[in-house]
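> got a predicted structure here, sequence first:
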Amino acid sequence: MIDQEIESELSYAYLHAVAAKAGMSCNQGNRHDDGAGVDVEVTYRGMTTHPYFRHVQLNIQLKATVQDSGTDPNYLSYFMKGLKRYDKLRTNDSEIYKILVVLFLPSNANSWLSISPDELILKKAVYWVCLYGAPPSSNSSGQTIYLPKANLLTPESLKDLVELAVNKKVTLYKAT
């Protein structure tokens, strides 16, 4: 595999591990889903704060990068190449939220993953953002996206995101 494929697989492994710890299923989409901007469907079937919805699904677009994430104290920047995917993610055309999830990896591929008898360590972290409300891009090569550092993806934050989704209160995108 080339490095980009390994990055992609590590982003899926990270999301799968976080979803499993949060008690959610994580199912990889098929080629038709990918064409719609969905790499993974995360599903929660359990108690929520909503009066009657118990089944909650999030459609996830996974990305991974070794790009510099910038120096802003509150945001990480990610350049998404091409506008087709960006436009799909910023369009609210479904009852199911579309969430962009980006794994920021160290630039040195040898430090991405380390394993010992006591632990498995995947370096750096994943952040999420909902691009609903994002403006159209002003160029044709891609779009820089700003992911709030507060949106670190953990089992607890994924549970919180599900609660926001079931109550239709996921924060809309705000460019910095």
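Perfect, I can see it now. Numbering: from 1, shown residues only.
> my read is that Y97 contacts N167, right?
No. With contact defined as C-beta atoms under 8 Å, Y97 does not count as touching N167 (11.3 Å). From N, CA and C alone the C-beta is placed, and that goes for glycine too.
> which of those two has more neighbours?
Neighbour count, other C-beta atoms under 10 Å: between Y97 and N167, Y97 has more, with 20 against 14.
> what is the neighbour count of D87?
15.
> and the residue lying closest to it once chain neighbours are set aside, its phi and psi?
What sits nearest to D87 in space, not counting adjacent residues and going by C-beta to C-beta, 6 or more residues apart in numbering, is P136, at 7.5 Å. When read as degrees, to the nearest 10, the backbone of P136 gives phi -60, psi 150.
> show me what the host helix or strand of Y127 is in contact with.
Here Y127 sits within strand 125-129, counting by DSSP states H and E. For strand 125-129, contacts defined as C-beta atoms under 8 Å, 6 or more residues apart in numbering pick out 11, 14-15, 18, 76, 99-104, 145-149, 151-153, 157, 161, 173.
> now list the buried members of those residues.
Buried members of the contacts of strand 125-129, counted by 16 or more other C-beta atoms under 10 Å: 11, 14-15, 18, 76, 99-104, 145-148, 151, 153, 157, 161, 173.
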